[in-house]
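Student: compute the structure for the input listed below.
(chains A and B)
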Protein chains: 2
Amino acid sequence: MRYELYYWPTIQGRGEYVRLALEDAGADYVDVARRSTGKMMSLMNGRRSPTPPFAPPFLKAGKFVIGQTANILLYLGSKHGLAPKAEAGRLWAHQLQLTVADFVVEVHDTHHPLGPTLYYEDQRPAAKRRTDEFWSERVSKFLGYFEQLIKQSKGPYLNGRRVCYVDLSVFQLVDGLRYAFPNRMERFEGEVPRVLALRDRVAERPNIKAYLASERRIPFNEDGIFRHYKALDR
Amino acid sequence: MRYELYYWPTIQGRGEYVRLALEDAGADYVDVARRSTGKMMSLMNGRRSPTPPFAPPFLKAGKFVIGQTANILLYLGSKHGLAPKAEAGRLWAHQLQLTVADFVVEVHDTHHPLGPTLYYEDQRPAAKRRTDEFWSERVSKFLGYFEQLIKQSKGPYLNGRRVCYVDLSVFQLVDGLRYAFPNRMERFEGEVPRVLALRDRVAERPNIKAYLASERRIPFNEDGIFRHYKALDR
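Tutor: Residues are numbered from 1 along each chain as shown, chains lettered A, B, ... in the order given. Just a heads-up that it's a prediction; the model follows:
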């Protein structure tokens, strides 16, 4: 079965967490909207489906249409050995992914504190204040949590020796923060050595390495979640 | 087995979505932190557990400690008949709950656009702008989506005739918006008659009705997610 991934074609965004899992698993998939967004829009707005997704990303897997990033990963994790098999482990991995998702919302809020439908340019002073709060309070709380988990599991991954889809997402968080806030991140990195080691380990996984070097990996840019604005990276 | 729910004792907050499911299911549970928060804090900060939750709410179910609201509901839904049994239906219900969770974040952002660790009083002008965006763009998008789903399922619930935990959460969204923004909500309600009918149907479910009349239901207040500030409810 070939999966169909539906996501905005010009950004990494939330789709990237799914792409990383599909790539690491070596799954057969097509990133549909990279060719044209028509089918994606019609699936979303279609009144014919009883289960229309609220927003991308969503994954077509045979008859299933699965929306919400963490939900897609819950599904893929169990099909491709990217999560523990037992119920407790499966729920634990999903819980961590939802914590990643919470962090991603806060990353987005750094440049869009006044709302997702306004332009960054119309909310710069608020973005500065939000970004200061994000870096003084939130980054260390979230990444420090993951650091502690790796310490307890003895690493290199969050659950110990077996990779899971959450590890791939943590890789994305580190690279995203490095792109968006190179100065702030450089000052911070010393606090989370295990998270950085996990990031490097993920980047060296053969399928991920090949993906990152390919054209399938869309570069970071200022339409995605992680955006580099000099004013926010003192 | 008696469940142990851990959540902040003075607010509905995110714990309320779990409380509603436990109550509707008639599950045996204790809302631990209503007596004392000591045990909750030690479970969160404890370095002994290999799976410490990032934040409340979390649920102790025998040996399991399950965190993240939607994850807890995923678990409870399958144990108590509050979600479809088949994989596709289970993922669909969870997808909707994650969409509820996204909306809840945006509700919280109306009074905390500059960050969760600052006081509302220190971000009033930004809160006004964010709230305007929320009501002009977001409420109709989210609640309109649920309205459309009920229309397609023929109601009264999101999936048709069988209630699921997401319906209980949609009830909470309506009552929360009515509490926080009575004027704005009154003007809006005509757009989502099916959502309101679903809300009434949930409120009449015997276990929910008994719960709402009990002391176990904490009143809405200005420490929770849905806060009533006159300045934000023109």
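
Student: which parts of chain A are strands?
Tutor: Ranges of strands in chain A, per DSSP state E, are A:3-6, A:29-31, A:58-61, A:64-67.

Student: what is the shortest one packed up against?
Tutor: Which is strand A:29-31. Counting by 3 or more CB pairs under 8 Å, 6 or more residues apart in numbering or on different chains; DSSP states H and E, the packing neighbours recorded for strand A:29-31 are strand A:3-6. Using the backbone N, CA and C atoms, a C-beta is placed for each residue, glycine as well.

Student: mind listing what residue A:103 touches?
Tutor: By CB atoms under 8 Å, 6 or more residues apart in numbering or on different chains, the residues touching residue A:103 are A:138, A:142, A:173.

Student: got it, and residue A:13?
Tutor: So residue A:13 contacts A:7, A:57, A:224, A:225 (CB under 8 Å, 6+ apart).

Student: which of these lies closest to chain B?
Tutor: Set against chain B, the nearest of those by CB to the nearest CB is residue A:57 (11.4 Å).

Student: I'd say the closest one and residue A:69 touch.
Tutor: Yes - contact criterion CB atoms under 8 Å: residue A:57 and residue A:69 qualify, at 5.9 Å.

Student: what sits in contact with each of those two?
Tutor: Common neighbours of residue A:57 and residue A:69 (CB under 8 Å, 6+ apart) are A:14, A:15, A:18.

Student: the first one: neighbouring residues, count only.
Tutor: Pointing back at residue A:14 there. Per other CB atoms under 10 Å in any protein chain shown, the neighbour tally for residue A:14 reads 22.

Student: mind checking how far it is from chain B?
Tutor: Using CB to the nearest CB, to the nearest Å, we find residue A:14 at a distance of 11 Å from chain B.

Student: skipping adjacent residues, who's closest to residue A:28 in space?
Tutor: Nearest residue to residue A:28, sequence neighbours excluded (CB to CB, 6 or more residues apart in numbering or on different chains): residue A:2, at 4.7 Å.

Student: quick one: distance of stretch A:189-209 to the chain centre.
Tutor: 15 Å (CA atoms, centre = their mean, to the nearest Å).

Student: list just the nearest of the contacts of residue A:13 to residue A:202.
Tutor: Checking the contacts of residue A:13 against residue A:202 by CB to CB gives residue A:225 as the nearest, at 18.1 Å.

Student: now do the same for residue A:156: its pLDDT.
Tutor: pLDDT for residue A:156: 97.

Student: likewise residue A:53?
Tutor: The per-residue pLDDT of residue A:53 was computed as 95.

Student: you'd agree residue A:203 is up against residue A:211?
Tutor: No - in terms of CB under 8 Å, residue A:203 does not count as a neighbour of residue A:211; the distance is 10.1 Å.

Student: comparing the two, which residue is more hemmed in?
Tutor: A count of neighbours by other CB under 10 Å puts residue A:211 above the other of residue A:203 and residue A:211, at 16 against 13.

Student: what distance do you get for that one to residue A:218?
Tutor: 11 Å (CB to CB, to the nearest Å).

Student: number of residues surrounding the nearest residue to residue A:78 once chain neighbours are set aside?
Tutor: Among residues not flanking residue A:78 along the chain, residue A:90 sits closest, at 6.6 Å (CB to CB, 6+ apart). Residue A:90: 18 surrounding residues under other CB under 10 Å.

Student: can you pull the contacts of residue A:90?
Tutor: A:74, A:77, A:78, A:83, A:84.

Student: now do the phi/psi pair for the last one.
Tutor: Residue A:84 has phi and psi values of phi -60, psi 150 when expressed as degrees, to the nearest 10.

Student: so where's chain A shaky on pLDDT?
Tutor: Residues of chain A meeting the criterion pLDDT under 70: A:46-47.

Student: now with 50?
Tutor: Of all residues in chain A, none has pLDDT under 50.

Student: domain-wise, how is it divided?
Tutor: Using automatic domain parsing, the domain parsing of chain A gives A:3-79, A:87-232.

Student: would TSV of these with distance to residue B:104 be doable?
Tutor: Formatted as TSV, those follow (distance: least, CB to CB, whole Å):
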stretch	distance to residue B:104
domain A:3-79	14
domain A:87-232	11
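
Student: nearest to residue B:33, out of these?
Tutor: Closest to residue B:33 of the domains of chain A, according to CB to CB: domain A:87-232, at 18.9 Å.

Student: cool, thanks, talk later.
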